[in-house]
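> How does the following fold in three dimensions:
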Amino acid sequence: QVQLVESGGGVVQPGGSLKLVCKTSERMFGSHTGAWFRQAPGKEREFVAAISSLTSRTVFADFVKGRFTISKDNTEKTLYLQMNNLEPDDTARYYCAAEATGSTMTGTFRYWGQGTLVTVGV
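All right, here's what the predicted structure looks like:
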């Protein structure tokens with residue numbers, strides 16, 4: 001069973017930045033899509049960003065508006081989400097996901113982490 005562990009969450013003021021990190025127990029992102037999702041209190045989980053395996057093509061949710069960057073490193077075991085100009089509406093638990101099970105990069109994934117909490121506020 002592949003393990004995913006997220007880190008990097010915390011409390012930040014509006015306009016601030018955070019970099020989330022996802023580490024996997026096996027090499028994943030060279031052969032599988034990696035993605036970030038988030039779930040705010042009282043809301044359903046939603047797609048944030050994804051990066052494809054071979055070409056590193058990226059896809060973002062509309063609400064990102066150029067503020068976030070998704071990337072991965074050469075170990076194929078680490079995924080990043082750089083978040084800039086954070087807004088209070090970005091407050092949520094952020095989840096890392098690996099290996100898309102459908103035909104899109106924004107849908108269902110086989111492996112999930114436990115999430116890391118991001119709070120944007122004064």
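> Grab the nearest non-local neighbour of E26.
Nearest in space to E26, with sequence neighbours left out and distances taken as Cβ to Cβ, 6 or more residues apart in numbering, is V2 at 5.2 Å. All C-beta spots, glycine's among them, are computed from the backbone N, C-alpha and C.
> how near is the most centrally placed residue in the chain to E6?
Nearest residue to the geometric centre of the chain (Cα atoms, centre = their mean): W36, 2.3 Å. Counting by Cβ to Cβ, to the nearest Å, the separation of W36 from E6 is 9 Å.
> So what pairs up with the closest residue to R57 other than its chain neighbours in the strands?
Once flanking residues are discounted, R57 sits nearest to I51: 7.1 Å by Cβ to Cβ, 6+ apart. As for beta bridges, I51 partners with G34, T58 under DSSP bridges.
> Provide a list of residues in contact with the residue nearest to E26.
By Cβ atoms under 8 Å, 6 or more residues apart in numbering, the contact set of V2 is 24-26, 28, 98-99, 110-111.
> Ok, W112 next?
So W112 contacts 4, 95-97 (Cβ under 8 Å, 6+ apart).
> Show me what it bridges to in the sheet.
A97.
> could you measure S7 against V118, distance?
Taking Cβ to Cβ, one finds S7 at 11 Å from V118.
> related to what we said a few turns ago, tell me which strands and helices the helix or strand harbouring the residue nearest to the centre of the chain is in contact with?
Assigned by DSSP states H and E, W36 belongs to strand 34-39. The helices and strands touching strand 34-39, judged by 3 or more Cβ pairs under 8 Å, 6 or more residues apart in numbering; DSSP states H and E, are strand 18-24, strand 46-51, strand 68-72, strand 78-83, strand 92-100.
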